[in-house]
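Novice: based on what follows, work out the 3D shape:
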Amino acid sequence: MEKLSYCHNETNSSYSRLFTAIVLLVLTLGILLRMLCLGEIPPGLYHDEVWNGLDAIETLAGGCKVFYPNNFGREPVLIWLTVPSIRFLGNTPLAVRLPASILGILSLPACYLLARELFGRRVALWALAIMAFTVWPIHLSRVAFRAVGFCLVGGLALWQIVRGCRTRRWRHWILGGVLTGAAFYTYSTARFTPIAAVVYGVYMLLTHRPLLSRSLFSRITVYLVICAFLLLPLVIYAISNPEAILQRAGQVSILRPNASLDQSISRFLTSAAKTLGMFHWRGDFQLRHNVPNRPVFDVVTGILFLVGCYECVRRFRQPRYAFVLIWVVVMLGPTVLTQDAPHFLRASGVWPVVALLPALGLRRVWEWIAQRKGNKVAVVVTGTLLCLGLSATVYDYFSRYPRMEEVNYWFEDAGVQLSHDVNTFLESGWTRGEWVAQERPARTDRRVYVDLQLWKDWLNAHFLIPNSPSFIVPGSGDRPGAPDGKRVPTQLYAWNDPRYPGFWLPEMDWLPRNVRIEMQKGPLATTYWAPEPHPAYVVFTATPYEMTPDPLAVFEPGVELITSTVSAEGESVHVQLTWLTRQPIPLDYTIFVHVEQDGTLTAQHDDGPLGGCPSMVGCVPMTHWRPGNMWVEPLNFILPQEWDPERDAIWAGMYYWQDLKRLEVTSDRLTVVEGRVRIFPSDARP
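Specialist: Numbers count the residues shown, from 1 in each chain. Next up is the predicted model:
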């Protein structure tokens, strides 16, 4: 008769060493899948992850807490583990994500140990492989979300409890109590574990009452006392701050106080159907949690999952099978009862137990093949099935997922790029490709100004950009200061939103005078208010110059063309013009550039300066050109036929857009024809 421990012992065989080698191989592959390109896939650093880093910095300064109220409230374990990571690596994306990766890696042996205690080492190997090769737990190990902590601590707690049932040794119950109490400090899904325990307890009372001895109850009592003792600090905090503990659950719950019973039932059934469908049909749609809409399992593993479910239902009177089914169903509760089902973070409490279901299905396949074709064929077939799942995971997560442009938006990579650009310019802090942040101070002979609205949009920049007198966010509370006008190399990062074109124009006065200004568009991003991809910011780089060369041409209002360069490759032509004004310009003129091939106009730029009219990114109307500043205007053209420097020509000029009249231009160095100058081929004379 099967004991309460659900233990299924297997005798050692001659292939133990080979079996151990296979376990280590699977474990190694699981580690590689969790560590490979850790800082690059996924890109960016989402603000939920950033809050872990910011609170870890506060903890490092002596602000340790049992619950962190920022960002809707968060359990502390992942934040505590981030403290030493930041201490050694500095403020870097890797420092924030490495603790989660370590927790995810340690969850693999936890899965193996639990599965071996329940069903023996063969099922344990298959469960380990499924957890190691499935996208969901892999992704949880690569982002700094708290859910991965429960996968480890909860799995170890279950392992110790099951082991305690088998051996009846006190140390397993004591350690199980410690781990269960600790699980409540990892992620909010732990709050459903008492429900699973109660349901399973009722099951045992109804079906296996003779197994519930007095000695078992004494051990359970000690286990509960230890849990309660460890939970005491969190309970005290919850009593004092109930809103901090419960606010997020109230925000996302599908059960509304003003909803009718029919509405609540309808919402529940819809959410439950979506949750059950996540294993085979459609998974979490959010790119931060999953390859969008990818089901939990590939087709093959999904079939094995169904076979495993059938096995558990068929053998439900056996405690270990009932435990697996009860745990998975109850721990799906957090996503069933909340919005956006299926939600892979809220449903993460099913791991590592859910890995047992396809593993049990694989055992059924093994037994069927072994009886008919022998063990060797069974090994080949089961190994092939697992490799198919691994191949699907590698393709979906490491090939298809990184190519999705939306992943950069959802993980707020624009803020990471902003931080990289600033730190590169100031030669301080973290830059892309580096694991450790530079500890040297920022350059004092440079300045960086960031628009306040842009600073509010990208929390990851708060974490990644070091404090420095050279880095100023005018009007902010954490990086205060004002432009000092010093004539040093300076960058201005201006907020960009298609709803507010030219928002940055007043901030152009932050740049020093008599400088050469270049403009670049930042990476594409999306926001709640501007959901279409658009450059997140515009950066203006100002470099002081000592003397001005003689102009190539002078246009009527006093605008000078200082330099022009042309480069071509095949059908692509790049033109760069440098302009200078020595006096205020009263009107906004339009610059045009014409590319002629064999005397025919084939491409043109006919817009405001710096790549756009007043409603486009990068436009600085001429009325905002400060006298003494140079403006660099890069232009790119795609031609209908290959560029021929012996035959083709490029012309430039200016006109007033209201009357389309070209401005007069004079030049002693370039050819002038009908109000335009030929910049290629150049016949500029010194």
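Novice: please count neighbours and contacts with C-alpha atoms only from this point.
Specialist: Will do.
Novice: which parts of the helix or strand bottoming out on mean pLDDT in the chain are buried?
Specialist: Using mean pLDDT, DSSP states H and E, helix 242-252 stands out as the lowest-scoring helix or strand of the chain, at a mean of 85. Within helix 242-252, the residues that count as buried by 16 or more other Cα atoms under 10 Å are 244-245.
Novice: can you list contacts of it?
Specialist: Outside helix 242-252, the residues that touch it by Cα atoms under 8 Å, 6 or more residues apart in numbering are 69, 72-73, 238, 338-339.
Novice: mind redoing it with 6 Å?
Specialist: With contact meaning Cα atoms under 6 Å, 6 or more residues apart in numbering, helix 242-252 is reached by 69, 72-73, 338-339.
Novice: in TSV: these, plus secondary structure and neighbour count.
Specialist: Formatted as TSV, the contacts of helix 242-252 follow (DSSP: H, G, I helix; E, B strand; the rest coil; neighbours: other Cα atoms under 10 Å):
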residue	secondary structure	neighbour count
69	coil	15
72	coil	15
73	coil	16
338	strand	21
339	coil	17
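Novice: which one of those is nearest residue 539?
Specialist: Distances from residue 539 to those, taken as Cα to Cα, are shortest for residue 72 (33.0 Å).
Novice: that closest one and residue 248, how far apart?
Specialist: Going from residue 72 to residue 248 by Cα to Cα, to the nearest Å gives 6 Å.
Novice: next structured bit after the helix or strand that contains residue 590?
Specialist: With secondary structure defined by DSSP states H and E, residue 590 is part of strand 589-597. Per DSSP H and E, the first helix or strand lying C-terminal to strand 589-597 is strand 600-607.
Novice: just the buried residues of that following strand, please?
Specialist: Within strand 600-607, the residues scored as buried using 16+ other Cα under 10 Å are 603-607.
Novice: pretty sure residue 90 is touching residue 435, no?
Specialist: No: in this structure residue 90 lies outside contact range of residue 435 using Cα atoms under 6 Å: 8.9 Å.
Novice: for the stretch 251-400 of the chain, what are the low-confidence residue spans?
Specialist: Along the stretch 251-400 of the chain, segments meeting pLDDT under 70 are nowhere present.
Novice: residue nearest the middle of the protein, spatially speaking?
Specialist: residue 411 (3.6 Å; Cα atoms, centre = their mean).
Novice: how much space separates residue 501 from residue 419?
Specialist: Using Cα to Cα, we find residue 501 at a distance of 23 Å from residue 419.
Novice: between these two, who's got more neighbours?
Specialist: Between residue 501 and residue 419, counting by other Cα atoms under 10 Å, residue 419 is the more crowded of the two (24 against 17).
Novice: distance of the more buried one from residue 97?
Specialist: Using Cα to Cα, residue 419 is found at 17 Å from residue 97.
Novice: can you check residue 653 too?
Specialist: Here the criterion is Cα to Cα. By it, residue 653 lies 53 Å from residue 97.
Novice: once you drop chain neighbours, what's closest to residue 663?
Specialist: residue 655 (5.3 Å; Cα to Cα, 6 or more residues apart in numbering).
Novice: verify the contact between the one you found and residue 661 for me.
Specialist: Yes: contact criterion Cα under 6 Å: residue 655 and residue 661 qualify, at 5.3 Å.
Novice: tell me which of those two has more neighbours.
Specialist: Neighbour tally, residue 655 and residue 661, criterion other Cα under 10 Å: the higher count belongs to residue 655, 21 against 11.
Novice: now do the same contact list for the more buried one.
Specialist: Residue 655 makes contacts with 589-590, 661-663, as judged by Cα under 6 Å, 6+ apart.
Novice: and if you look at residue 448?
Specialist: Contacts of residue 448 by Cα under 6 Å, 6+ apart are 471, 490-492.
Novice: let's have those in a markdown table, adding pLDDT.
Specialist: Output for the contacts of residue 448, formatted as a markdown table (pLDDT from 0 to 100):
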| residue | pLDDT |
| --- | --- |
| 471 | 96 |
| 490 | 97 |
| 491 | 97 |
| 492 | 97 |
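Novice: of those, keep whichever come out buried.
Specialist: Using 16+ other Cα under 10 Å, the buried members of the contacts of residue 448 are 471, 490-492.
Novice: closest one of the residues you listed to residue 33?
Specialist: When these are compared against residue 33 (criterion: Cα to Cα), the nearest one is residue 471, at 37.8 Å.
Novice: nearest spatial neighbour of the closest one, skipping sequence neighbours?
Specialist: Nearest non-adjacent residue to residue 471, counting by Cα to Cα, 6+ apart: residue 448, 5.0 Å away.
Novice: cool, and residue 623?
Specialist: In space, residue 623 comes closest to residue 585 once its chain neighbours are excluded; the distance is 5.2 Å by Cα to Cα, 6+ apart.
Novice: sec struct for that neighbour, please.
Specialist: Three-state assignment for residue 585 (DSSP: H, G, I helix; E, B strand; the rest coil): coil.
Novice: please report how far it lies from residue 503.
Specialist: The gap separating residue 585 from residue 503 is 20 Å, by Cα to Cα.
Novice: over to residue 655?
Specialist: 25 Å.
Novice: any idea how far apart the tips of stretch 439-459 sit?
Specialist: Taking Cα to Cα, stretch 439-459 runs 21 Å from one end to the other.
Novice: average pLDDT for it, rounded please.
Specialist: What stretch 439-459 shows for mean pLDDT is 95.
Novice: buried sites along it?
Specialist: By neighbour count on 16+ other Cα under 10 Å, the buried set for stretch 439-459 is 442-443, 446-452, 454-455, 457-459.
Novice: need the residues you listed in CSV with distance to residue 517, can you?
Specialist: Listed next are the buried residues of stretch 439-459 as CSV, based on distance: Cα to Cα, whole Å:
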residue, distance to residue 517
442, 22
443, 20
446, 15
447, 14
448, 14
449, 14
450, 16
451, 17
452, 21
454, 20
455, 22
457, 25
458, 25
459, 28
